[in-house]
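In: This is a predicted model, with the sequence first.
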Amino acid sequence: MLTMGLRPVDLTRDRIEEVAGWQVRMERGRVAEITRRGAGAWWRADAATGNVDVEWKKAGKARRQAVLLVLPPGWLTDDQRDPAELMLRACAEGATYGGLIPVRGSFF
């Protein structure tokens, strides 16, 4: 994760560090992809993914930033039923990487 420019994220701190070279691209109100400068698309949405609620769209449009949270390999399993619980556990154990990245594109 560190080689990709991502840093450990501690959600209990007041400030999350900005991460250079990464961005979220929105397309007609959906997250279309997450890109990394020099490497292209790191993640692309398909028909079943990329949807965000209205509040996320409003915040993204107003702030033009989002928090990227990434778990290292081995954290996600097929039997994981609650991704939010997994993310909270990973954050508590210091296993979450990412940072604040810009949001570009069309929100609605």
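Out: That came in fine, so what should we check first?
In: mind listing the strands for this protein?
Out: 7-8, 22-27, 30-36, 40-44, 65-70, 97-105 (DSSP state E).
In: Go through the second one and flag the buried ones.
Out: Read that as strand 22-27. 22-26 (16 or more other Cβ atoms under 10 Å). The way it works is simple: take the backbone N, C-alpha and C, and place the C-beta from them, glycine included.
In: wait, which of the residues you listed is closest to Pro72?
Out: Nearest to Pro72 out of the buried residues of strand 22-27 is Trp22 (Cβ to Cβ; 16.5 Å).
In: Flag the helix or strand of this structure with the lowest per-element mean pLDDT.
Out: Each helix and strand of the chain was given a mean pLDDT (mean pLDDT, DSSP states H and E); the minimum falls on helix 83-92 at a mean of 81.
In: for this structure, what are the low-confidence residue spans?
Out: 78-81 (pLDDT under 70).
In: tell me the contacts of Leu68?
Out: For Leu68, the contacting residues are 6, 19, 22, 24, 34, 98-101, by Cβ atoms under 8 Å, 6 or more residues apart in numbering.
In: my bad, Gly94
Out: Contacts of Gly94 by Cβ under 8 Å, 6+ apart are 8, 10.
In: re earlier: now for the contacts of Leu68, which pair is the farthest apart?
Out: Once Cβ to Cβ is applied, the contacts of Leu68 give Leu6 and Val24 as the farthest pair, at 14.1 Å.
In: That'll do, ta.
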